[in-house]
Each structure stands twice: as structure tokens, then as C-alpha cells.
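Engineer: For reference, the sequence and a predicted model appear below.
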Amino acid sequence: MTSPYGPTGSDLFTLRRRPAAEKFLDVAFHQLTLALAAVVAVLLLGIVLTVFSGAREAIATFGLRFLTTSAWDPVKGEYGAFVAIYGTLITSLLSLLIAVPLGVGTAIFITEDLMPPIVRNVVGLMVELLAAIPSVVLGLWAIFVMEPAIRPALDLLHRLLGWSPFFASVPQGPGIAPAILILVVMVLPIITAISRDALHQVPIELRQGAYGVGTTRWGAIFSVILPAAISSITGGVMLALGRAMGETMAVTMIIGNALNFNLSLLAPGNTIASMLANQFGEADGIQVSALMYAALILMLLTFAVNVLAQWVVRRLSLKY
């Protein structure tokens, strides 16, 4: 519809005589993007169907008790993924609990002129370089550098909080706590980069308006800037959660890969991804199906995280 004040840009685009080549390019680009989107959907559906097909025998044999039992005995043919599910959830959630304040805080210091420009540039470059380090290198660093360095602190936690089941085990090397810390290192660049971009996109008028009514720098950050960027930051956090749940190599090298359930964060543990990496090459028979069942559970968990992220981002976008 033409505006009463004259034709708009879209009206002019519609009314002007378009060359046949331009029309062909528009139609071709539309069809190409539609085909590529369909390919992505078909690939995702194919992956889900392949994993589900491989897991059918284990689903029929073990049912839902596969989720609640911790026995994993290839000799007896008994399998349960509770240890791996617990390890996946506890390492991912606790790593986010540490990484979110660090990542968002780093993004604030980079974007809000709290440091000299040269320092901001160096910090931003180091965060980006951290994301480029291969996970196997981080796993080696965790084994030979990080774990020996943090063991005195873990011993202190055991002495002070050993009465709690979460710190009852004596730290003796690889375990859930070192795995949590290496996941912090791995998801920190994702949270920092997305939070930095989200804060950069906040209109300058909001900052100026906040300062114009007399608020302080920190008042503007927490009352205006962060609420304006919270939906994008939340999306980045959920993306980091998906990365943490699916991380394989570094976690496999430092978590201990224990098959016995232990509530303690200082004891060795396991995750679904590390269990798949360790056992799939030598598995046969129903063990392959059990591993496929565990992979299906991991896919469902990551799918639930993505759905939750979409819902949270949409709600926050409407609120702010």
C-alpha cells in the first residue's frame, strides 16, 4: 500500500520495471536458500534416525531403567548410563556457574571503557586465541599443569568440607572438579565473545540517557545496558552449555572415566561424550546399542537446551 506521504522504498522497488536477470537472480537465490535449509533439516533427521535405529535394541532391553542404573558390565551384559548422565549435567552446569560471571564481567571490562584501549585490545585478543586452542592441547595442559596446581586447593576443600558427600573423596588426580575447570576454560571464550558483541550493539542513546538522569557508571551497566543485552547474552550462555555437554577430548583426558557412581566432585567421574569416545571403538553386540542409546540421550539433552534457549531469549526480548 502506498503511503499518503508518497511511495515508500518497498513501493518503489515493486513499481519500478525490474530487469529479467534481476528477477531470475532473486528467484534463484530464494530457491537455493530453501534447498540448503531443507538439506540441513534432512541431515539432522537422518542423524536422529540413525542413532535411534542403533539404540532400538538397548531401548527394548533396558527401557527407562537405563537412565537410573549405574551398572556398566559388558561381561554380564548389564548397562546403565546414570553415571555418565550425572557427570554430563554436573560438569556442564557447574562450569557455567563459574564461566558466566567471568565471561560477562570480561565483556563489560572490554566494552565499557574501564581499561585503557591497549589493555582492552590485548584482553580481547587473548580471549579469541583461547578459543583457537585445540581441545586435546587443553586436555594435556589440564593433566600436567592444571591438576597438580589445584590439588592443594582440592585437598583443603576435602579437609574443610569432607563431611559433605560432594567433597567426601580424597583428590588423587583426574576427577570431576578438574573436568569442570577445563570446561570453564573452553566455554569462557564463547560467553565472552557473544556478550561483548551484545553489549556493543546496545544503542549509545541508552547509555547517554542513563548518564543524563544522573546514574553512575555501574548503575548504567546494571540497570540499563545489561538488561538491554540480556537476551543475546542468555543465548550465548545456552550455546556454551551445549558446547560443555558435548565436549569430548579434554574432558575424557581429565575426568577419570570411572564407571562407578560417586556423588563427590573430587572423585573420578564420566560423561556421555567421554564414554562414547572410550568404548565405541571396541564395543560389539548390545554394547554398541547401549552406547547408541546414551548418544540418543545426549542428543535429546542438547535439543532440550536449544529449545529452552529459544524460549528464554524470546521471553527476555519481550520483557526488555
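Structural biologist: Received the coordinates, thanks. Residues are numbered from 1 along each chain as shown.
Engineer: who are the neighbours in contact with A28?
Structural biologist: A28 makes no contacts at all, as judged by CB atoms under 8 Å, 6 or more residues apart in numbering. From N, CA and C alone the C-beta is placed, and that goes for glycine too.
Engineer: following the helix or strand hosting it, which helix or strand shows up next?
Structural biologist: Assigned by DSSP states H and E, A28 belongs to helix 20-62. Next in sequence after helix 20-62, counting helices and strands by DSSP H and E, comes strand 72-73.
Engineer: Report all helices and strands that the following helix or strand past that next one contacts.
Structural biologist: Downstream of strand 72-73, the next assigned helix or strand under DSSP H and E is strand 78-79. Other helices and strands packing on strand 78-79, by 3 or more CB pairs under 8 Å, 6 or more residues apart in numbering; DSSP states H and E, are strand 72-73, helix 286-319.
Engineer: now the last one and helix 20-62, what's the angle there?
Structural biologist: Helix 286-319 runs at 130 degrees relative to helix 20-62, counting by axes from the mean of the first three to the mean of the last three CA atoms, to 10 degrees.
Engineer: what about helix 286-319, distance to the chain center?
Structural biologist: Counting by CA atoms, centre = their mean, to the nearest Å, helix 286-319 is centred 11 Å from the centre of its parent chain.
Engineer: for that helix, what is the average pLDDT?
Structural biologist: Average pLDDT, helix 286-319: 85.
Engineer: Show me which parts of it are buried, residue by residue.
Structural biologist: Using 16 or more other CB atoms under 10 Å as the burial criterion, the residues of helix 286-319 that qualify are 286-299, 301, 305, 309, 312-313, 316.
Engineer: Could you do stretch 155-164 as well?
Structural biologist: Buried residues in stretch 155-164, counting neighbours by 16+ other CB under 10 Å, are found at 157-158.
Engineer: what's in contact with it?
Structural biologist: Stretch 155-164 has contacts (CB under 8 Å, 6+ apart) with 167-171, 266.
Engineer: Narrow these to those that are buried.
Structural biologist: Here, 16+ other CB under 10 Å leaves 167-169, 171, 266 buried among those.
Engineer: Now stretch 218-237: average pLDDT?
Structural biologist: 83.
Engineer: That one spans what distance, first to last residue?
Structural biologist: Counting by CA to CA, to the nearest Å, you get 22 Å between the two ends of stretch 218-237.
Engineer: Tell me how many other residues surround V48.
Structural biologist: Using other CB atoms under 10 Å, the number of residues around V48 comes to 14.
Engineer: no wait, G124
Structural biologist: For G124, using other CB under 10 Å, the count is 18.
Engineer: Kindly format the C-alpha coordinates of whichever strand or helix holds it as PDB.
Structural biologist: Using DSSP H and E, G124 sits within helix 117-131. In PDB, the C-alpha atoms belonging to helix 117-131 read as follows (Å, rounded to 0.1, in the frame of the first residue of the first chain):
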ATOM      1  CA  PRO A 117      42.400   0.800  24.800                       C
ATOM      2  CA  ILE A 118      45.600  -1.200  24.500                       C
ATOM      3  CA  VAL A 119      44.700  -3.300  27.500                       C
ATOM      4  CA  ARG A 120      41.200  -3.900  26.200                       C
ATOM      5  CA  ASN A 121      42.600  -5.000  22.800                       C
ATOM      6  CA  VAL A 122      45.100  -7.400  24.400                       C
ATOM      7  CA  VAL A 123      42.500  -9.000  26.600                       C
ATOM      8  CA  GLY A 124      40.100  -9.400  23.700                       C
ATOM      9  CA  LEU A 125      42.800 -10.900  21.500                       C
ATOM     10  CA  MET A 126      43.800 -13.400  24.300                       C
ATOM     11  CA  VAL A 127      40.200 -14.500  24.700                       C
ATOM     12  CA  GLU A 128      39.900 -15.100  20.900                       C
ATOM     13  CA  LEU A 129      43.200 -17.000  20.900                       C
ATOM     14  CA  LEU A 130      42.000 -19.100  23.800                       C
ATOM     15  CA  ALA A 131      39.100 -20.300  21.600                       C
END
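Engineer: Tell me how far that helix lies from the chain's centre.
Structural biologist: Here helix 117-131 is found 21 Å from its chain centre; the criterion is CA atoms, centre = their mean.
Engineer: just stretch 79-91 next, same as before
Structural biologist: 17 Å.
Engineer: ditto for stretch 251-267
Structural biologist: With CA atoms, centre = their mean, you get 20 Å for stretch 251-267.
Engineer: What residues of it count as buried?
Structural biologist: 251-259, 261-262, 264-267.
Engineer: For P152, state which of the residues you listed is nearest.
Structural biologist: For these, the closest approach to P152 (CB to CB) belongs to L266, at 12.7 Å.
Engineer: Enumerate every residue touching G87.
Structural biologist: 176, 179, 255, 269-272, 274.
Engineer: A177 belongs to a helix?
Structural biologist: Yes. Counting by DSSP: H, G, I helix; E, B strand; the rest coil, A177 falls inside a helix.
Engineer: Please renumber the chain so that the first residue is 644 from this point on.
Structural biologist: Yes, from this point I'll number from 644; that puts the last item at A820.
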